[in-house]
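Asker: could you look at this predicted model? Sequence included:
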Amino acid sequence: MASPLKSLITDSDRYMASFKRYKECSIVYQGMQEFMDNLLPDLLPSIVKGKSQLNVLGVGSGTGDVDLQLFSTLHQNYPHVTVDNEVVEPDPQPLRIYRDLVSQTPGLDYIQFHWNEMTLQEFQKQWKEKKINKKMDLIHMFQVLYYVVDLEGVISFYQSLLNKNGKLLITLASCDSGSVRMREAYKNQLCPGETNPSTGKIKKLLDSKGVSYKSYILPSDLDITDIFTEGDENGEMLLDFLTNSYHFGKTASPELKAGVMKFLRRPDCSVESDGKVTLKINFELLVLDQLI
Ligand SMILES: C[S@@+](CC[C@H](N)C(=O)[O-])C[C@H]1O[C@@H](n2cnc3c(N)ncnc32)[C@H](O)[C@@H]1O
């Protein structure tokens with residue numbers, strides 16, 4: 001029987017609300033802050049060396065808050081460097097929020113923005129068809145490759161856009177994360193076509209091709225207590241984001257919903273303390289260089 005579940009990504013309003021709720025319950029932004037404060041300043045010197053302008057490509061930038069955080073760190077450390085920034089984002093709603101954020105944020109005149117309302121696959125196709133030979137100093141894909149089937153093709157294309165000393169930054173949940181374990185266990189019952197990528201899969205792929213990379217862990221635990229309160233709307237949205245399903249609570253069979261919720265409580269997925277259930281999630285940042 002065909003699955004009654006529909007991918008969350010097909011409904012922009014619900015996707016954005018669920019992702020917002022996810023960010024509010026997660027320490028992911030502390031993890032990203034750690035990246036901005038401690039890791040990025042170490043990566044920048046080799047990227048910026050000898051340059052007065054950086055070509056940057058943001059893939060799946062969403063509402064752009066992480067992108068602007070990144071530029072703020074860059075600008076603090078290298079105030080003389082200007083930025084040419086290609087933004088690739090298929091959903092018009094977050095893209096509009098990103099554009100509004102740019103127009104309302106003072107002091108961004110060192111950045112030139114190019115808005116590409118399309119998927120990363122469409123961008124790739126267009127780039128090849130137009131035979132563009134611009135090279136990038138920094139490409140980032142933060143929490144985006146979940147929605148990609150051809151990981152190998154996508155990573156090798158975007159890596160091929162790197163300039164000498166350029167870096168491709170990828171973050172995804174690592175395979176020991178509770179969310180990844182749960183999706184792996186239920187992949188045949190969740191939305192058809194789900195590939196459940198994790199950094200474990202990407203590293204295996206890169207290792208098999210002899211592509212080198214550096215890896216950093218950014219702890220990103222998630223408070224999922226609300227999921228276990230029947231009828232709690234915040235819990236429902238978190239469950240949607242974790243299963244990547246539109247209204248999972250209303251459309252999944254009772255057996256599937258009960259199975260997923262029980263799985264999330266397994267000790268290898270979450271910890272319970274003082275009535276709070278915390279899902280163990282690690283984001284992993286992979287840093288790739290230009291292919292030689
Ligand atoms: C989890 S959000 C991450 C947003 C942002 N990078 C951040 O870290 O806050 C994933 C983003 O990827 C976008 N996305 C989904 N499928 C995509 C695709 N095929 N190509 C490019 N972006 C995609 C979504 O619209 C969404 O904005």
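Answerer: Looks like it came in fine. Keep in mind the model is a prediction, meaning the values are calculated, not measured.

Asker: I'd say residue 81 and residue 110 touch.
Answerer: Yes: assessed by CB atoms under 8 Å, residue 81 is found in contact with residue 110 at 7.5 Å. In short, each C-beta sits where N, CA and C put it, glycine included.

Asker: so what sits against both of these two?
Answerer: Common contacts of residue 81 and residue 110 (CB atoms under 8 Å, 6 or more residues apart in numbering): residue 75.

Asker: kindly report the residues of the stretch 1-150 of the chain close to the ligand.
Answerer: Contact residues, the stretch 1-150 of the chain versus the ligand (CB under 6 Å from any ligand atom): 9, 19, 59-62, 66, 88-91, 94, 119-121, 142-144, 147.

Asker: sort out for me which of those are in helices.
Answerer: 19, 66, 94, 120-121 (DSSP state H).

Asker: ok, which stretches of the protein are helices?
Answerer: Using DSSP H, helices in the chain cover 12-25, 28-34, 40-48, 65-77, 92-104, 120-129, 151-160, 178-185, 199-208, 233-243, 248-251, 254-264.

Asker: in JSON lines: these, plus mean neighbour count.
Answerer: Formatted as JSON lines, these follow (neighbours: other CB atoms under 10 Å):
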{"stretch": "helix 12-25", "mean neighbour count": "17"}
{"stretch": "helix 28-34", "mean neighbour count": "18"}
{"stretch": "helix 40-48", "mean neighbour count": "15"}
{"stretch": "helix 65-77", "mean neighbour count": "18"}
{"stretch": "helix 92-104", "mean neighbour count": "15"}
{"stretch": "helix 120-129", "mean neighbour count": "15"}
{"stretch": "helix 151-160", "mean neighbour count": "17"}
{"stretch": "helix 178-185", "mean neighbour count": "21"}
{"stretch": "helix 199-208", "mean neighbour count": "17"}
{"stretch": "helix 233-243", "mean neighbour count": "22"}
{"stretch": "helix 248-251", "mean neighbour count": "18"}
{"stretch": "helix 254-264", "mean neighbour count": "15"}
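
Asker: need the longest strand for the protein.
Answerer: strand 162-173 (DSSP state E).
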